[in-house]
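Q: How does the following fold in three dimensions:
(2 chains)
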Amino acid sequence: MPQNRRLILAHLWVAFAAFAAAAALGVWQMWERSPLSTPAAVPAATYYQSVTAHGVSMAYVLTTFFIMGFGYFVAETGLKRELPGRTWAWGAYFVAVAGVLMTVLSIASGKTTVLYTFYPPLTATAWFYVGLVLVVVASWVWCVLMLVAMARFKRDNPGEPVPLVMYATCANAVLWLWTTVGVAAEVLFQILPAALGLTQTIDVGLSRTLFSWTLHPIVYFWLLPAYTAFYTMAPRAAGGRLYSDLMGRLSFMLLIIYSIPVGIHHLFMDPEHSTGFKFIQTTLTALVAVPTLLTVFTIAASMELAGRLRGGKGLFGWIKALPWDRPMVLATGLAFIMLWFGGGGGLINMSYGMNAMVHNTSWVTAHFHLIFGGSVVIMYFAIAYEIWPSLTGHAAQSAARQRLQLWMWTIGMMVMSLPWHYLGLQGQWRRVATFDYADPRIHSWGPWVDVSLVGGVILLLSALLFLANLRPTRRLARIEPAPGYAYALPAHPGGHVPAALNGFALWNVLIAVLMLVAYGFPIMQFFMTPSYQAVVHRLAGG
Amino acid sequence: MTDASERDVARSELRWGLITIAAVSVIMLAVIYAGVVMHINPPSNVERIDPKGLHLSAEFTEANLGTKVEANGQITARIVTTQFAFVPRCVILPADTPVTLRLSRPDVIHGILVSGTNVNTMVVPGFVSQVHTTFRKTGDLLMPCHEFCGLGHSEMLATVRVVPKSEFHPGPDGRIACAAK
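A: The predicted structure follows:
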């Protein structure tokens, strides 16, 4: 049982409470937009309040708290050492909780209908941004603690490679430090002064560019724990070994490098950047497909090892021989199915001119719900199921109930997001409280919106079942968990790990160079040519 | 498979790596072909304009909005997007003819798409957004605001009326507006 079980559980419960609340809000929003609800029965302000809360809870609270909690678990069990700076970790936790409360209250006050992606020159009450800044500051403390833990391990174990699970977690810490620079600059220098009334105008081109800096790698920050589980948990759960430890390190390195200098692909349809920089970032975005496909190969090969060890024969017989009754194995398989659809949609989104077909349509909403809500969150479930007994000291809920929950999540996500893809191609646009289904051009969308709502209801039921599966009950037998956690071993342990893939110094230099190429001019242009500023629109009044 | 040596592992990974790089290269070649040969590029004219004086600018004064056939024959529709309406709410354009949409806004971020077409652009304060297109089908196409611009975002909807070339008759000043329906 990890020494820091209370710290880890405290993080994970905040994450999952926010998740459940956000799932309920999401279904309500889908109902509100569907032909089944009475048009305009609810004021638009309430709808956007809900969208803001849904986005903040899912994208900022669930993710950040889960990643921090899981990181503390990994630092202790992966390195088999005490976590450095426990007091700092608890301090960061309370700062983050205070930030969440501040943000939630500001959303409840109704003065924060700017969604979780801000849209200046609209500005909300300053409390909203201050709350989010506190969450980010807490996550920076977590990043430092992860890197310190890794550095101390290296100091005390010269010549021994950092275990892959910790290397992956530190890759995420490095990624997050780079990622947050953009949004931090936007909020601290542009939005907060405007929200506080210190400035009356804002350079919107610059703010969109700074936000785009964060907008893509933030998704990889959410994604990396799922990849960590693919590499270090799933192979052992399947009864096998990791095909290649080195390829895992290479993939994590490529993932952090090629997820950062690519955010302008969110601005393909924007007028403030030229085609040249849009094309450069298209190319860099395409390269992020490489580590994704390497991962698919390595994990599939690891699963094949396991399947053949279990007696699977023939070209595909090993798939059948895998222990699909184990939640971690099942979740990995389901995550890959959703990654296939979500990743395919992503390739279309990043394809430069082709983006015009789908930009700001339901297609994009479908894409990120499949990738994040699907592939990533289902692995959060699997990780929670996997480590829960060691945290609570109780045996797990029945694996059948866990499997049911994972299946419901996948089916719900497919039933919800496949119609959204179709509607997006029909031109259904985003962030709308109600559609006028009486309009003959919109009427035919109605049935598909209803189908997606059914998917949403299945997702909500799955979310509730997830919480029920984690709930500590006296019916479950007490167990004495092993002191650590057994991560997957590589097929060929003890191989040589190059120094470059045992740290991040070289990669930080490379990221800095790529960022200079990708974002140097796009940001500098706003300082070289005087920009026309937009007048700040304060939703909070005053 | 189970007794694969470390070198076999490295070799298979390398082979797969080459396949992924080939796949990515094919995608990039398709993107480049679409951009260079078919001229499918994102709208990126980077043209600045002061949002605070938009209604006083020569181009985006109210009298100059809507569809106009320029002296050189180029057909341009000028539209202002505001919280929470388009001015004008309907523009008329001919089918199978190269046309240009020019949009700007005095207030917050908006964005537009035209349903059933590849017309799509953000409308960011401080810039003029410009899209060149050729409409292939006629009818009243939806042109909604697709970016969150405030509480009235859902009501922000305009129409692009695409008519056959033969029915597109601008007035002597080159201007043409949607007829009331």
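Q: show me the contacts for residue 82.
A: All of this is about chain A. Contacts of A:Glu82 were listed using Cβ atoms under 8 Å, 6 or more residues apart in numbering or on different chains, and they are A:3, A:76. Backbone N, C-alpha and C define where each C-beta goes, glycine included.
Q: My question was about chain B, not that one.
A: Counting by Cβ under 8 Å, 6+ apart, the residues that B:Thr82 touches are B:105-107.
Q: and these near chain A, which?
A: The subset of these lying close to chain A, counting by Cβ under 8 Å from any Cβ of the partner chain, consists of B:Asp107.
Q: need the contacts of B:Thr82 in JSON lines with secondary structure, can you?
A: Converted to JSON lines, the contacts of B:Thr82 look like this (DSSP: H, G, I helix; E, B strand; the rest coil):
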{"residue": "B:Arg105", "secondary structure": "coil"}
{"residue": "B:Pro106", "secondary structure": "coil"}
{"residue": "B:Asp107", "secondary structure": "coil"}
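Q: Just among the contacts of B:Thr82, which is most surrounded?
A: Of all these, B:Arg105 has the most neighbours under the rule other Cβ atoms under 10 Å in any protein chain shown, reaching 29 neighbours.
Q: can I assume it is in contact with B:Pro125?
A: Yes. Contact criterion Cβ atoms under 8 Å: B:Arg105 and B:Pro125 qualify, at 6.0 Å.
Q: what's the overlap in contacts for the two?
A: Common neighbours of B:Arg105 and B:Pro125, using Cβ under 8 Å, 6+ apart, are B:Pro51.
Q: what distance separates whichever strand or helix holds A:Leu459 from the centre of its chain?
A: Assigned by DSSP states H and E, A:Leu459 belongs to helix A:446-470. Put simply, helix A:446-470 sits 20 Å off its chain's centre (Cα atoms, centre = their mean, to the nearest Å).
Q: Name the residues of it that come out as buried.
A: A:448-449, A:451-453, A:455-456, A:458-463, A:465-466, A:469-470 (16 or more other Cβ atoms under 10 Å in any protein chain shown).
Q: and if you look at stretch B:90-106?
A: Of all the residues in stretch B:90-106, those buried under the rule 16+ other Cβ under 10 Å are B:90-95, B:99, B:101-106.
Q: Ok, stretch A:116-130 next?
A: Under the neighbour-count criterion of 16+ other Cβ under 10 Å, stretch A:116-130 has A:116, A:118-130 buried.
Q: Give the members of those residues that are also in contact with chain B.
A: Of the residues in the buried residues of stretch A:116-130, proximity to chain B by Cβ under 8 Å from any Cβ holds for A:119, A:121-122.
Q: Kindly reformat those residues as TSV and extend each row with secondary structure and pLDDT.
A: Output for those, formatted as TSV (DSSP: H, G, I helix; E, B strand; the rest coil; pLDDT from 0 to 100):
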residue	secondary structure	pLDDT
A:Tyr119	coil	95
A:Pro121	coil	95
A:Leu122	strand	95
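Q: can I get the residues you listed in JSON lines with distance to A:Ala486?
A: Formatted as JSON lines, those follow (distance: Cβ to Cβ, whole Å):
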{"residue": "A:Tyr119", "distance to A:Ala486": "47"}
{"residue": "A:Pro121", "distance to A:Ala486": "53"}
{"residue": "A:Leu122", "distance to A:Ala486": "50"}
